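**Q** Curious how this folds, go ahead:
(chains A and B)
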Protein chains: 2
Amino acid sequence: MALTVTAVPGLGEIAEGDDLAALIAARVETAAGDVLVVAHKVVSKAEGAVVRLGDVVVTPRAERIAARQGRDPRHVQVILDQSAALVRETDRVLICRTHHGFVCANAGVDASNAARPDDLIVLPADPDASARRLRAALPGRPAVLVTDSFGRAWRQGQVDVAIGCAGLAPTDDWRGRRDAMGRELQATWIGVADQVAAAADLVRGKDSREPAVLVRGLERYVTADDGPGAQALLRPPGEDLFL
Amino acid sequence: MALTVTAVPGLGEIAEGDDLAALIAARVETAAGDVLVVAHKVVSKAEGAVVRLGDVVVTPRAERIAARQGRDPRHVQVILDQSAALVRETDRVLICRTHHGFVCANAGVDASNAARPDDLIVLPADPDASARRLRAALPGRPAVLVTDSFGRAWRQGQVDVAIGCAGLAPTDDWRGRRDAMGRELQATWIGVADQVAAAADLVRGKDSREPAVLVRGLERYVTADDGPGAQALLRPPGEDLFL
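**A** Model (predicted):
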């Protein structure tokens, strides 16, 4: 088996209301069985998932955290607004569980690559729905992943993961199947969508403005229906050992 | 930018003392700038990193854990022998920090794909050294990753990560660099080697006996020297929020 991973030429600066699918389709041919991976920042911008600092009303809780961390209280407020729970607080970062259920630094709120200096980009409200809409609008109806870069417990460096998914099996469950010797594969449950997100990130530089990446060769994981989405990648909080 | 990821035809059953580099070189052409990714199981087998259950001396601690988990005490003992610390214990699994510093389920000890029914495969004693030896022995001196499949906190499914690395920058640090708008990229520190490991896993099935994968197109991350290895991917325990 083999796959190819190719960066789509840059989409240019994205503003609210821009037609991402049309911009992508003008730059790359997509076909059934392909996987189109898009960094969430352009999805957020196109959907208007952007908060202007001047519009933020700061609560006392955000003031207290901001004082401890030496940050702008409005920025901290936006992080709290995006969070269902704070998982850890250090002197520099907040590890949050977002309303979608993703555990990540600062609830995915980020200033870099925002169009205006006082804008913060937040995660799309429903990244699975964003992926489904893009899939439906792209020629050939390729699978679509919406991704973000997350840090990990225990390991240095960030890796891209799927926060939205349409038409790709998010995981491949081999538990109960047997190895080549006939023994049960006990713990083999592959995080397919996250591995595709990671592969896609390798072909773009962080400042290269190439948010879209085309992955070919994964037809066996591409499904006719949109499937359960990236929500299926979330460990239920009650079963999680590190929440 | 683009990359291609191709499974190397299966190496056959590996036994202690087998020359992995020769087996790989007989099946694929490697060149400078390529990255050759190898699942640790064949490295462990070739190096004799295999424990026979009949040779295990069980301690009372392993007996107690095995009783709680309903497992073979000898299997638990092997896990403890491979561990510097237990991070979490559930009724089914032990999350361990291995002597190398990797945090993973059951210290990487696994029975599936072992050659004999009473063998357990353990991680290589020094996976970075394993990667360096393979690199030195492969034509063209490609970068080499040794990988394993790890579960993650918070997310379902396992992803392959680098446990050994030679000649590939394990991370790419963009902190302090600027985005396209000139703002500092605050939290951008890419886990390159882990993303390559994840990409490689997408082209092999878990029972397909294709432990080796060739990745082309990552020349910018391939280095003349062997570099710091996968140890550079470990967050120092004192800085980790989830240990």
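**Q** Determine the number of other residues adjacent to A:E47.
**A** Neighbours of A:E47 under the rule other C-beta atoms under 10 Å in any protein chain shown: 22. C-beta here means a position set from N, CA and C on the backbone, and glycine is covered the same way.
**Q** no wait, A:L233
**A** Other residues close to A:L233 by other C-beta under 10 Å number 24.
**Q** correct me, but it touches A:V192?
**A** No. Judged on C-beta atoms under 8 Å, A:L233 makes no contact with A:V192 at a distance of 9.4 Å.
**Q** Between the two, which contacts overlap?
**A** A:P170, A:T171, B:G157 (C-beta atoms under 8 Å, 6 or more residues apart in numbering or on different chains).
**Q** Give me the pLDDT for the nearest residue in space to the last one that is not next to it in sequence.
**A** In space, not counting the residues next to it along the chain, B:G157 is nearest to A:G191; the distance is 2.8 Å by C-beta to C-beta, 6 or more residues apart in numbering or on different chains. For A:G191, the pLDDT comes out at 97.
**Q** now swap in the one 10 residues further on and tell me
**A** Residue-level confidence at A:D201 comes out at 96, pLDDT.
**Q** Could you check how far it is from chain B?
**A** 6 Å (C-beta to the nearest C-beta, to the nearest Å).
**Q** Where in chain A is the helix or strand with the lowest mean pLDDT?
**A** strand A:172-173 (a mean of 90; mean pLDDT, DSSP states H and E).
**Q** now the strands: where do they sit in chain A?
**A** For chain A, strands defined by DSSP state E occupy the ranges A:2-7, A:35-39, A:50-52, A:83-89, A:94-98, A:103-105, A:119-121, A:143-150, A:159-166, A:172-173, A:189-190, A:212-216.
**Q** about what we covered before: most neighbours of all the shared contacts of A:L233 and A:V192, which one?
**A** Most surrounded of the shared contacts of A:L233 and A:V192: other C-beta under 10 Å gives A:P170, at 25 neighbours.
**Q** these two touch, right, it and A:D226?
**A** No. The criterion here is C-beta under 8 Å, and A:P170 misses it with A:D226 at 11.0 Å.
**Q** domains in chain A, as residue ranges please.
**A** A:1-47+A:125-236, A:50-122 (automatic domain parsing).
**Q** Could you say which of those is packed most deeply?
**A** Stretch with highest mean neighbour count among the domains of chain A: domain A:1-47+A:125-236 (a mean of 20; mean count of other C-beta atoms under 10 Å in any protein chain shown).
**Q** Tell me the gap between that domain and the middle of its chain.
**A** 8 Å (C-alpha atoms, centre = their mean, to the nearest Å).
**Q** Straight-line length of that domain, end to end?
**A** 33 Å (C-alpha to C-alpha, to the nearest Å).
**Q** What distance do you get for the residue nearest to A:R116 when sequence neighbours are not counted to A:G108?
**A** Excluding the flanking residues, the one nearest A:R116 by C-beta to C-beta, 6+ apart is A:R52, at 7.6 Å. Separation of A:R52 from A:G108 (C-beta to C-beta, to the nearest Å): 17 Å.
**Q** what do you get for A:G70?
**A** 21 Å.
**Q** what's the nearest residue to A:A21 if we skip its chain neighbours?
**A** A:A21's closest residue in space is A:A137 (C-beta to C-beta, 6+ apart), at 3.5 Å.
**Q** which residues sit in contact with A:H100?
**A** A:L123, A:D126, A:P127, A:I163, A:Q231.
**Q** pretty sure the last one contacts A:P127?
**A** To tie it back to what came earlier, the one meant is A:Q231. No. Here A:Q231 lies out of contact with A:P127, judged by C-beta under 8 Å, at a distance of 9.1 Å.
**Q** Quickly list what the residue positioned nearest the centre of chain A is bridged to.
**A** Chain A has A:T147 as the residue nearest its centroid, 2.7 Å off, counting by C-alpha atoms, centre = their mean. Under DSSP bridges, the beta-bridge partners of A:T147 are A:A39, A:A162.
**Q** wait, doesn't the residue nearest to A:A21 sit right on A:L23?
**A** No. With contacts counted by C-beta under 8 Å, A:A137 stays clear of A:L23, the gap being 10.7 Å.
**Q** Quick one: residues contacting the residue nearest to B:G157.
**A** Counting by C-beta under 8 Å, 6+ apart, the residues that A:G191 touches are A:P170, A:T171, A:L233, B:R152, B:R155, B:Q156, B:G157, B:Q158, B:V159.
**Q** what does stretch A:53-68 contact?
**A** By C-beta under 8 Å, 6+ apart, stretch A:53-68 touches A:71-78, A:80, A:89, A:91, A:94, A:118-120.
**Q** Now A:V93. Nearest residue, chain neighbours left out?
**A** Closest to A:V93 by C-beta to C-beta, 6+ apart is A:A105, at 5.2 Å.
**Q** Now do the contacts for the one you found.
**A** A:V93, A:L94, A:I95, A:C96, A:F150, A:G151, B:A187.
**Q** Before I go, just wanted to say thanks for your time.
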